[in-house]
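Enquirer: Provided below are the primary sequence and the corresponding predicted coordinates.
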Amino acid sequence: MQTKQSVINSSTVIAAFGLLSMLLAVSETAHAQGTNDVPPAVFQAAGATAASIQSTVDAFRARLGDPNNLNNPGPLGLKGRREINWDGGNPNVLDTTAPVNPFLVFLNTRGSQFKTPGLGLSQAPPSGGPQGGLAVLFGNPTYGQIFKAFSLSRLFTPVGSNITEASFDIPGTNGTVPATVRGFGAVFTDIDQPDGSRPGARRGNPRASTLIEYFGPDGRVLFSSFVPASPGDGSLSFFGIVFDDARIASVRIKTGDVAPGPNDDRHHDVVMMDDFIYGEPQLLQ
């Protein structure tokens, strides 16, 4: 697949785009709130394979900085990052976890927790494993073929909703010390519907399916954007932003235009998530 490279904002970040069914300028697909704020660096890519987004994911990691702090307790320096790939540290782990809400598996170790207005959040491979993966979790055998993991082998999804909300705490405090991060990015699989104009705009494609919103400690929207799409089953997309300081207190993700369960077709865009990568949590100021 051919890719296109584009400078996507004044922060001189270069992102590689896969072959998109629609490609719009970032000024139309994303917007920051607040005229006095320095806009974040934006990283986005989409394509048919992991290679289509790999360089953009690597550039995002580099912007957040080393090291990957893994499960080390904080607070640590502003540079550095945390990553979650839902694989239990072993790509051979194929268990489907029962939906839980809130999802607190990484609360103490990596300073993040996740909620949904639905039943709960689960980790699962597209198919297989002891519980049958997404195909059995949602009672839809087609899910075993249309979704692809970026980092083997499991994906992450809300159940009973298409909304996931993330918030941050200092690692090692078991959620008792709220935190902010300077950046957050996520990998998505099978975003079919074209990306559209900024939220609330009248022009653009009203069928844009996947939206990510970033909020400050006061609940104010700092930035929001639709995530780029790529046609075909099992495509991969990435979207992330990085500020110069730690100002992101929470993130809200709308995956697809319907809660998982229906067939993924021209009437429904069902989307799953893979790797989450975010800046080292900092003490809330």
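Expert: Thanks, I have it. Quick caveat: nothing in here was measured; it's all calculated off a predicted structure.
Enquirer: the helices in the protein, which residues?
Expert: For the chain, the helices defined by DSSP state H cover 26-29, 50-64, 107-110, 133-137, 143-146.
Enquirer: and stretch 107-115, how far from the chain's centre?
Expert: Distance of stretch 107-115 from the chain centroid (C-alpha atoms, centre = their mean, to the nearest Å) equals 15 Å.
Enquirer: was I right about Pro130 contacting Thr96?
Expert: Yes. Between Pro130 and Thr96 there is a contact at 7.5 Å, judged by C-beta atoms under 8 Å. C-betas here are computed from N, CA, C, even on glycine.
Enquirer: These two - which one has more neighbours?
Expert: Using other C-beta atoms under 10 Å as the criterion, Pro130 and Thr96 rank with Thr96 on top: 21 against 8.
Enquirer: Would you mind measuring from the more buried one to Thr157?
Expert: 10 Å (C-beta to C-beta, to the nearest Å).
Enquirer: What of Gly47?
Expert: 21 Å.
Enquirer: Next: Pro40.
Expert: 26 Å.
Enquirer: Also Phe223?
Expert: 24 Å.
Enquirer: do Phe239 as well
Expert: Taking C-beta to C-beta, one finds Phe239 at 17 Å from Thr157.
Enquirer: before we move on, what about Asn263?
Expert: Asn263 is 16 Å from Thr157, by C-beta to C-beta.
Enquirer: same thing with Asp269?
Expert: 14 Å.
Enquirer: Looking at the two, which is more packed in?
Expert: Applying other C-beta under 10 Å to Asp269 and Thr157 shows that Thr157 carries more neighbours, namely 30 against 23.
Enquirer: Wait, the more buried one touches Thr255, no?
Expert: Yes. At 7.3 Å, Thr157 counts as touching Thr255 under the criterion of C-beta under 8 Å.
Enquirer: list residues touching both of these two?
Expert: By the contact definition C-beta atoms under 8 Å, 6 or more residues apart in numbering, Thr157 and Thr255 are jointly contacted by Met272, Met273.
Enquirer: Let me see the contact set for Val187.
Expert: So Val187 contacts Ile53, Val57, Phe150, Ser151, Leu236, Ser237, Phe238, Met273, Asp274, Asp275, Phe276 (C-beta under 8 Å, 6+ apart).
Enquirer: How many residues are close by the fifth one?
Expert: Read it as Leu236. 27.
Enquirer: what residues are up against it?
Expert: 46-50, 52-53, 148, 150, 187-189, 230, 274.
Enquirer: Just list whatever residues bridge to it.
Expert: Gly47, Thr189 (DSSP bridges).
Enquirer: just the last one next, same as before
Expert: The bridge-partner assignment for Phe276, based on DSSP bridges, gives Ile84, Ala186.
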